[in-house]
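> Can you look at this prediction? I've put the sequence above it.
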Amino acid sequence: MVEVNQGRRGADIEGDFVVFLIGARPEKRHPIRSLRDLGGMRGMPSMLKYLTEHPEKGLLGYETYGLTMNVQYWRSFEDLERFARDDSDPHLRAWRNYWKRVGRDARSGIWHETFLVRAGEYEAVYGNMPPHGLAKASRVVPIGSDSSARGRLRRIARG
């Protein structure tokens, strides 16, 4: 069982980092075909396992939401891009296979969004939670009961 951090906590990470959202839109009437389109167990689950086993690739952590979306935290955009483009890493093969299999057919879809976060320009609060999201990818820190989002951002920005 995961240990719950009682009270209010935040996340602390040194330096810039990247938040990468990635997901899929499966076809509701043909979920098995969509799963195959997305690489099955060789798709995202396999890539995340590989990245977890190779921390030098730059993935700091991730959270999976349902079967179709996850939020990833990367040390840098360069690390993310290197992983996406390297023939020896699993992403490029899965990406090419998706486009070969699906092409412009609207039966299933994929998407991603990338956010570059500068050092200190973020804020996160977790109440009575185990390490989650950015805190799981970085360090959990206590938050005072009188703090506000604006105050935490202002304090962080000033250093």
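Cool, got the structure.
> Look at the spatially most central residue of the chain and tell me its secondary structure.
In the chain, the centroid-proximal residue (Cα atoms, centre = their mean) is Gln72; its distance is 1.1 Å. Three-state call for Gln72 (DSSP: H, G, I helix; E, B strand; the rest coil): strand.
> And the strands in this protein, which stretches?
In the chain, the segments counted as strands under DSSP state E are 5-12, 17-25, 59-65, 69-74, 109-117, 126-129, 139-142.
> I'd guessed Glu63 sits against Ala135; true?
No - at 10.4 Å, Glu63 and Ala135 do not qualify as touching, with contact defined as Cβ atoms under 8 Å. For glycine as for every other residue, the C-beta is placed from the backbone atoms N, C-alpha and C.
> of the two, who's got more company?
The residue with more neighbours, out of Glu63 and Ala135, is Ala135; 22 against 14, by other Cβ atoms under 10 Å.
> Number of residues surrounding the residue nearest to that one when sequence neighbours are not counted?
Nearest residue to Ala135, sequence neighbours excluded (Cβ to Cβ, 6 or more residues apart in numbering): Ala11, at 3.9 Å. Look at Ala11: counted by other Cβ under 10 Å, it has 22 neighbours.
> who's in contact with Ala11?
Applying Cβ atoms under 8 Å, 6 or more residues apart in numbering to Ala11 gives the contacts 122, 124, 126, 133-135, 137-141.
> let's go with 6 Å and repeat that
124, 134-135, 138 (Cβ atoms under 6 Å, 6 or more residues apart in numbering).
> Next step: those restricted to helices.
134-135 (DSSP state H).
> Now render the contacts of Ala11 as TSV, adding distance to Gly39 and pLDDT.
Shown next, in TSV, are these (distance: Cβ to Cβ, whole Å; pLDDT from 0 to 100):
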residue	distance to Gly39	pLDDT
Ala124	31	94
Leu134	27	97
Ala135	29	96
Ser138	29	96
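> can you redo the contacts of Ala11 as a markdown table with distance to Gly109?
What follows is the contacts of Ala11, written out as a markdown table (distance: Cβ to Cβ, whole Å):
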| residue | distance to Gly109 |
| --- | --- |
| Ala124 | 29 |
| Leu134 | 27 |
| Ala135 | 30 |
| Ser138 | 31 |
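> Provide a ChimeraX selection command restricted to the buried entries of the contacts of Ala11.
Buried residues within those, by 16 or more other Cβ atoms under 10 Å, are selected in ChimeraX with:
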select :124,134,135,138
